[in-house]
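J.: Next one to model:
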Amino acid sequence: MVASAPVGMGIIRDRVLLEVNERAAAQLGYTRSELIGKSTRMLFHSEEDYERIGKEFYPGFKTRGESQVAAYYRRKDGTPIEVLIRGAFLDPSNPARGIAFVFLDIFEIKQNERELQSKVLALTSPSGGDSFNLRFQDLFDLEEIQKIQDAFADAAGVASIITDAEGEPITQPSRFCRLCYQIIRKTENGRANCIRSDAELGKINPSGPTICQCLSGGLLDGGVAIMVGEHHVANWLIGQVMDDSVDPEVVRSYAPLIGADQTEFDSALTEVPRMSREEFTKAGEALFLIAEQLSKLAYQNVMQARNIAERKRAEDALKESESRLKAAVAEKEALYKELKHRVKNGMAMMAGLVGLESSHHADPMLQSILSNTRTRIESLANLYDLLGAEGNPQEVRLDIYLSRILDSLYGSLTESPVYAVFETELEPFSLHARTAAPVGLVVMELVTNSIKYAFPLPENNSAPTNETRNSQLVIKVGTQRHGDHFEVLVADNGAGYPPGFDPQRSGGLGMELIQMLIDQMSGSWKLESGPGASFSFSVPLTSEGY
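T.: Below is the predicted model of the structure:
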């Protein structure tokens with residue numbers, strides 16, 4: 001099976017060639033005996049190539065029992081050959097038996113890939129100026145064109161061929177006479193003159209076909225140009241006939257000029273078909289119409305390909321922009337998270353420092369001031385912790401934020417002289433952070449006041465009575481949204497505000513802070529007393545606080 005394989009094939013063990021077939025030896029320029037028993041090192045240009053291919057090829061056998069790699073072999077004469085090597089264990093249960101390998105010369109495959117890439121580039125690059133390098137064969141299937149050319153030549157009774165704009169053949173000749181194909185074009189001068197004549201016959205002529213005597217042998221020929229927009233890509237030529245205007249003696253005199261055998265030339269001249277100028281002109285006009293349609297089709301194909309390419313480039317550019325935007329957003333989000341984390345840590349540090357300072361002082365009033373300051377800092381830290389939780393880094397859910405504040409305040413009740421419980425009715429809605437921050441501070445101040453003053457201590461500031469200790473303080477906190485504004489209520493079941501209490505003249509820092517924050521939010525407030533104390537405030541939803 002190895003011997004009869006149509007590709008290079010053999011067996012390797014320990015990187016030594018145990019067997020190769022005739023096909024492999026021929027591809028590499030060796031005989032089989034020159035290869036068998038030799039190290040595969042001889043197939044590579046350098047030790048580095050040999051080692052690199054080994055590192056890429058052999059690891060695949062350990063995991064899959066087979067592998068492949070693209071490489072360059074070196075023929076016996078030193079020329080390189082680009083190959084694809086595939087291998088598999090002869091016996092997977094006994095790898096020591098060796099590896100069967102096959103290699104394919106992939107030069108032709110690579111060449112086809114390069115030609116295809118060139119064709120795609122030519123089709124999709126903007127046309128115009130020196131950048132235009134599109135060829136006729138890039139636009140049409142030459143096999144199909146050949147069939148059309150052959151059919152036209154048979155129907156019209158003329159020879160036919162398609163060349164590039166310089167006269168070099170693209171298709172195979174159809175119905176060429178022996179004089180032109182086997183005698184004139186076989187000589188160096190004759191072929192050069194034929195190419196020059198084909199280029200002249202195919203020159204751009206928008207009014208119709210060019211019909212004249214060939215510039216090489218003097219027979220009657222015709223030609224039309226095939227265009228892509230303003231670009232001349234091919235000539236479609238017909239002819240090799242004689243009409244009354246062609247003088248056979250003039251044609252015969254061409255033989256010695258190109259070094260052709262006169263006897264053979266004369267014999268072939270008698271075989272040249274005859275046709276009237278009128279018939280030949282009709283064939284040329286029909287060819288002109290076909291060429292016009294091919295030109296239009298070619299132009300449409302190019303424009304369609306380029307439109308598709310432009311759309312693809314636009315889509316790729318959009319994807320690239322989207323990718324960059326996502327990367328920028330991700331970077332911004334990462335920076336925002338880092339900033340939020342640092343701010344939160346900074347606030348936690350400030351709260352810790354205030355708490356530490358408080359522990360160093362015995363003055364109850366100073367301790368109260370420091371404790372309130374620490375609670376306010378913790379309130380803002382909670383706000384920063386909640387920012388972005390709902391997807392918008394500038395908004396926070398007010399109900400969650402106030403719940404966090406109440407939980408924090410509840411943890412500080414261990415040293416309170418009363419038992420307190422919180423009752424909440426918090427409507428779920430979001431606020432801008434600049435509004436949520438002052439709302440949270442106001443609620444914190446109001447709840448702190450209820451804890452401190454709902455059940456006042458004796459006037460002599462002595463220890464709380466049993467009645468006070470056994471009292472249960474109920475603090476209600478509620479929020480409601482109404483159209484263009486929202487309301488917040490903080491109420492308790494305590495003693496209520498003192499008779500004649502005026503928040504604006506109370507002199508307390510807490511009430512002063514409450515009023516200042518509500519004013520900054522363009523809000524309004526009211527308080528009610530008896531039974532208990534009730535404070536409510538209303539804020540426009542459009543407010544951004546600070």
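J.: Spell out, range by range, the helices that occur in the stretch 101-250 of the chain.
T.: Secondary structure of the stretch 101-250 of the chain (DSSP state H, counting those that start in this stretch): helices at 107-124, 136-139, 142-156, 178, 188-201, 248-252.
J.: Deepest-packed of the ones you listed, please.
T.: helix 136-139 (a mean of 20; mean count of other Cβ atoms under 10 Å). C-betas here are computed from N, CA, C, even on glycine.
J.: Just the mean pLDDT for that helix, thanks.
T.: On average, the pLDDT along helix 136-139 is 84.
J.: and what of stretch 229-236?
T.: 89.
J.: buried residues in that stretch?
T.: Across stretch 229-236, burial judged by 16 or more other Cβ atoms under 10 Å covers His231, His232, Val233, Ala234, Asn235, Trp236.
J.: Please apply the same query to stretch 398-412.
T.: Using 16+ other Cβ under 10 Å as the test for burial, stretch 398-412 gives Leu398, Asp399, Ile400, Tyr401, Leu402, Ser403, Arg404, Ile405, Leu406, Leu409.
J.: Any chance of the residues you listed in a markdown table with secondary structure and distance to Arg74 as columns?
T.: A markdown table is the format used below for the buried residues of stretch 398-412 (DSSP: H, G, I helix; E, B strand; the rest coil; distance: Cβ to Cβ, whole Å):
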| residue | secondary structure | distance to Arg74 |
| --- | --- | --- |
| Leu398 | helix | 78 |
| Asp399 | helix | 78 |
| Ile400 | helix | 73 |
| Tyr401 | helix | 75 |
| Leu402 | helix | 80 |
| Ser403 | helix | 78 |
| Arg404 | helix | 75 |
| Ile405 | helix | 80 |
| Leu406 | helix | 82 |
| Leu409 | helix | 84 |
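J.: returning to what we had before: Serialize the buried residues of stretch 229-236 to a markdown table and add fields for distance to Phe288.
T.: As requested, the buried residues of stretch 229-236 are exported to a markdown table (distance: Cβ to Cβ, whole Å):
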| residue | distance to Phe288 |
| --- | --- |
| His231 | 18 |
| His232 | 15 |
| Val233 | 16 |
| Ala234 | 14 |
| Asn235 | 12 |
| Trp236 | 9 |
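J.: rewinding a little: wait, which of the helices of the stretch 101-250 of the chain is closest to Arg52?
T.: Ranking the helices of the stretch 101-250 of the chain by proximity to Arg52 (Cβ to Cβ) places helix 107-124 first, at 19.2 Å.
J.: quick one on the thing from earlier: which two of the buried residues of stretch 229-236 lie the greatest distance from each other?
T.: Maximum distance among these (Cβ to Cβ): 15.7 Å, for His231 and Trp236.
J.: Need the distance between the two termini of stretch 212-227.
T.: 21 Å (Cα to Cα, to the nearest Å).
J.: Would you pull up how far that stretch lies from the middle of the chain?
T.: On the basis of Cα atoms, centre = their mean, to the nearest Å, stretch 212-227 sits 52 Å off its chain's mean C-alpha point.
J.: what residue lies at the spatial centre of this protein?
T.: Lys319 (5.2 Å; Cα atoms, centre = their mean).
J.: Report the inter-axis angle for the helix or strand encompassing Leu353 versus helix 142-156.
T.: In the assignment (DSSP states H and E), Leu353 maps to helix 277-359. Interaxial angle, helix 277-359 versus helix 142-156 (axes from the mean of the first three to the mean of the last three Cα atoms, to 10 degrees): 160 degrees.
J.: In terms of secondary structure, what does helix 277-359 contact?
T.: Helices and strands touching helix 277-359, by 3 or more Cβ pairs under 8 Å, 6 or more residues apart in numbering; DSSP states H and E, are helix 107-124, helix 136-139, helix 142-156, strand 210-213, strand 220-228, strand 231-241, helix 364-386.
J.: list the contacts for the closest residue to Pro428 other than its chain neighbours?
T.: Excluding its sequence neighbours, the residue lying closest to Pro428 (Cβ to Cβ, 6 or more residues apart in numbering) is Asp399, at 4.9 Å. When contacts are counted by Cβ atoms under 8 Å, 6 or more residues apart in numbering, Asp399 is found next to Leu426, Glu427, Pro428, Phe429, Thr479.
J.: Among those residues, name the buried ones.
T.: Leu426, Thr479.
J.: any chance of the contacts of Asp399 in a markdown table, with pLDDT, distance to Glu144 and secondary structure too?
T.: Shown next, in a markdown table, are those (pLDDT from 0 to 100; distance: Cβ to Cβ, whole Å; DSSP: H, G, I helix; E, B strand; the rest coil):
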| residue | pLDDT | distance to Glu144 | secondary structure |
| --- | --- | --- | --- |
| Leu426 | 94 | 77 | strand |
| Glu427 | 94 | 75 | coil |
| Pro428 | 92 | 70 | coil |
| Phe429 | 91 | 70 | coil |
| Thr479 | 95 | 78 | strand |
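J.: with the contacts of Asp399 in mind, which one is nearest to Ser538?
T.: Closest approach to Ser538 among those (Cβ to Cβ): Thr479, at 10.9 Å.
J.: so Asp150 sits right up against Ser174, yeah?
T.: Yes: counting by Cβ atoms under 8 Å, Ser174 is a contact partner of Asp150 at 4.8 Å.
J.: which residues are in contact with both of the two?
T.: Residues touching both Asp150 and Ser174 (Cβ under 8 Å, 6+ apart) are Ser160.
J.: Listing partners with orientation, what would you give for the helix or strand hosting Phe535?
T.: Following DSSP H and E, one finds Phe535 within strand 533-540. With DSSP bridges as the test, strand 533-540 is paired with strand 485-492 (antiparallel), strand 524-529 (antiparallel).
J.: Let me know which of those is the nearest to Ile53.
T.: Closest among the strands paired with strand 533-540, using Cβ to Cβ: strand 485-492, at 73.9 Å.
J.: Please point out which parts of stretch 434-441 sit buried.
T.: With burial defined by 16+ other Cβ under 10 Å, the residues of stretch 434-441 counted as buried are Thr435, Ala436, Ala437, Pro438, Val439, Gly440, Leu441.
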